[in-house]
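> missing the sequence, but the structure's below:
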Ligand SMILES: NC(=O)c1ccc[n+]([C@@H]2O[C@H](COP(=O)([O-])OP(=O)(O)OC[C@H]3O[C@@H](n4cnc5c(N)ncnc54)[C@H](O)[C@@H]3O)[C@@H](O)[C@H]2O)c1
Ligand SMILES: O=P(O)(O)OC[C@H](O)CO
């Protein structure tokens, strides 16, 4: 008899918890996946109680996804090594700034047959230049890493509202395995063989979302926002194809591309916080703490990371939207320059 795949979800924030609901339900009765799932939780106290205890007794992540029941076969585990023990399928879903530290701790401690998927929307910049988060995981842990990105605001997915998503894979068999793990009638998975294209769409759309929030804060209206979306998509495509060979044109028409830019520029956290930044004059850090209750912004850090890459290559002038968004976030450029500098 085939040994069943054992799944561990690494991360338990807003999206990690929503995805735990899907995966927890999908593995029930599965011939391919073990029904028991571990979810690694960065432990914290909520009203004096451990978050893992709350999740394991009330089956709800009251801090990051309140009001949604997580299936009882999902077990919250505070110890990372214990969480991944025996896991052959690793689902990475933490804010991108934490992934390197987690991989360092995991190195040498994972199942030899493990494969992974990253749901993390972000990039990394090291001395030599740009790295995909999926490559950081793959190189640290010597395993194949697929990605899942799409127009997927966690609260809407968790409420079972229909949407689509894109899995990018290098090994088709693994892409199909992940489709089986995540696909539901209301969370429709399409698999494409373009990891870099899918992942860069997911990362870069967070920068465009900051731009959309800025024009909302300025009350510029829908036409301006549509222009930001269009110009943002063009810069996303140019950036992805400049830095990664083989990124496919059609990937930008998948859920991870145009659909995610639209959703993120309407209902996302990055957009909301950027709008508040313009209206209140408060810093992004202050507003992240005030408005997100522990959830993390990815768009501002990604704007900084891509700016570092562009500045090193002397290419800022070729990416006027990304550059202006960076300057608004980090250099005090007046918000109105978002359109003046285009
Ligand atoms: N929330 C969404 O709607 C959504 C949808 C799709 C993709 N994503 C992406 O998924 C990834 C994870 O986002 P999220 O919404 O699940 O997280 P989140 O924004 O809710 O972040 C909070 C999480 O970070 C954890 N954390 C805090 N400090 C930590 C530390 N030092 N080490 C490790 N973990 C720590 C918290 O415990 C919590 O689980 C991001 O890349 C995000 O862009 C989010
Ligand atoms: O809330 P945001 O801005 O982090 O975006 C959430 C998702 O990535 C939208 O697909």
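Yep, it's here. Keep in mind that this is a model prediction, so the values were computed, not measured. Ligands and ions are numbered 1, 2, ... in the order given.

> Any idea how many residues pack against the closest residue to ligand 1 within the chain?
Nearest residue of the chain to ligand 1: residue 13, at 2.4 Å (CB to the nearest ligand atom). Where you see a C-beta, it was placed from the backbone N, CA and C, and this is true even at glycine. Residues lying near residue 13 (other CB atoms under 10 Å) number 21.

> just residue 289 next, same as before
12.

> What strand or helix carries it?
helix 284-292 (DSSP states H and E).

> again, but for residue 23
In this structure, residue 23 sits in helix 14-26 according to DSSP H and E.

> what sits up against that helix?
7, 9, 12, 33, 37, 39, 61, 64-65, 68-74, 91, 93-94, 119, 152, 154-155, 157-158, 180-184, 187, 295 (CB atoms under 8 Å, 6 or more residues apart in numbering).

> Please list only the buried members of those residues.
7, 9, 12, 33, 37, 39, 61, 64-65, 68, 70-71, 73-74, 91, 93-94, 119, 152, 154, 157-158, 181-183, 187, 295 (16 or more other CB atoms under 10 Å).

> what's the residue nearest to residue 335 when sequence neighbours are not counted in contact with, if anything?
Excluding the flanking residues, the one nearest residue 335 by CB to CB, 6 or more residues apart in numbering is residue 278, at 4.7 Å. Residue 278 makes contact with 213, 214, 216, 217, 218, 335, according to CB under 8 Å, 6+ apart.

> Sort out which residues of the helix or strand where residue 278 lies are buried, please.
Using DSSP H and E, residue 278 maps to helix 269-280. Within helix 269-280, the residues that count as buried by 16+ other CB under 10 Å are 269, 270, 271, 272, 273, 274, 275, 276, 277, 278.

> next one: stretch 35-51
In terms of neighbour count (16+ other CB under 10 Å), stretch 35-51 has its buried residues at 37, 38, 39, 40, 41, 42, 51.

> Just put those in JSON lines and tack on distance to residue 253 and secondary structure.
What follows is these, written out as JSON lines (distance: CB to CB, whole Å; DSSP: H, G, I helix; E, B strand; the rest coil):
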{"residue": "37", "distance to residue 253": "33", "secondary structure": "strand"}
{"residue": "38", "distance to residue 253": "36", "secondary structure": "strand"}
{"residue": "39", "distance to residue 253": "33", "secondary structure": "strand"}
{"residue": "40", "distance to residue 253": "34", "secondary structure": "strand"}
{"residue": "41", "distance to residue 253": "36", "secondary structure": "coil"}
{"residue": "42", "distance to residue 253": "35", "secondary structure": "coil"}
{"residue": "51", "distance to residue 253": "39", "secondary structure": "helix"}
